[in-house]
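Asks: dropping a prediction and its sequence here:
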Amino acid sequence: MQSIENWKGAWAEAFDEEGLTPHEVAEGLRACRRMYDWPPSVSEFIKACRPGLIPENAFHDAVAGMTARQRGEVGSWSHPAVYWAAVRVGRHDLLNCGYAVMQTRWERALSEELARSSWEPIPAPAKALPPPAVDERANAKAAEAIKEISSRAVRPDCARDPIRGARRVLAEQARKGGRRYSPAVVKLAQAAVDAMQSQGAQV
């Protein structure tokens, strides 16, 4: 009889250390009926009470929970320790690295969190900041300014002064030591300038 009392005391102490709840113990009993044909050890029973706390299962639960929190939802957490372990390893790494990469860090973080006797409640997710207000008038002005700058930047010189080449020919011809063109070229250049003058353009 003493051995049975010792066994009961050891199990009760283990339950107390792990912080098992009556609901978890009931879950463990149901799981053990499915999993074992013999009485489980205390460690096997505790694992059966918290199937979500098997490290790999808990990791995938944490990924799903953190993904839900990105949508503004609390997420479904099998145990507060899973949430706090996820916070400890960091959301970015949790969501972007697979279990094979994260296994060592995750198991250490989960083990340390499970070693606590109590856990803070899982907080509500932070609300996302609203998008900046759209100023349609400012956007229209900016678009108009960009359009004006772009048109100036791509406009060729000939569009600003269609007879620029003719002016250059006449200037070179008149400059002492300047380039000399054939009479035909000079005549064509002068005709172009005269034509622009006749249209009221400034020479």
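Replies: Perfect, I can see it now. Numbering: from 1, shown residues only.
Asks: show me this protein divided up by domain.
Replies: 11-49, 53-116, 163-200 (the TED database).
Asks: format these as CSV; extra columns: mean neighbour count.
Replies: Glycine gets a C-beta too; all of them are placed from N, C-alpha and C. Shown next, in CSV, are the domains of the chain (neighbours: other Cβ atoms under 10 Å):
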stretch, mean neighbour count
domain 11-49, 14
domain 53-116, 17
domain 163-200, 13
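Asks: export those to CSV and append columns for distance to E5 and mean pLDDT.
Replies: Converted to CSV, the domains of the chain look like this (distance: least, Cβ to Cβ, whole Å; pLDDT from 0 to 100):
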stretch, distance to E5, mean pLDDT
domain 11-49, 10, 79
domain 53-116, 27, 91
domain 163-200, 109, 79
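Asks: quick one: which of those is nearest A143?
Replies: Smallest distance to A143 across these (Cβ to Cβ): 31.2 Å, for domain 163-200.
Asks: and the residue positioned nearest the centre of the chain, helix, strand or coil?
Replies: Geometric centre of the chain, nearest residue: H92, 8.4 Å, by Cα atoms, centre = their mean. Classification of H92 by DSSP: H, G, I helix; E, B strand; the rest coil places it in helix.
Asks: which residues are in contact with the helix or strand hosting V101?
Replies: Assigned by DSSP states H and E, V101 belongs to helix 99-114. Residues outside helix 99-114 that contact it (Cβ atoms under 8 Å, 6 or more residues apart in numbering) are 18, 53, 55-56, 58-60, 62, 79, 81-82, 84-85, 88-89, 93-94, 119.
Asks: figure out how far it is from the centre of its chain.
Replies: In terms of Cα atoms, centre = their mean, to the nearest Å, the centre of helix 99-114 is found 23 Å from the chain centre.
Asks: go on, stretch 32-45?
Replies: When C-alpha coordinates are averaged (Cα atoms, centre = their mean), stretch 32-45 and its chain have centres 43 Å apart.
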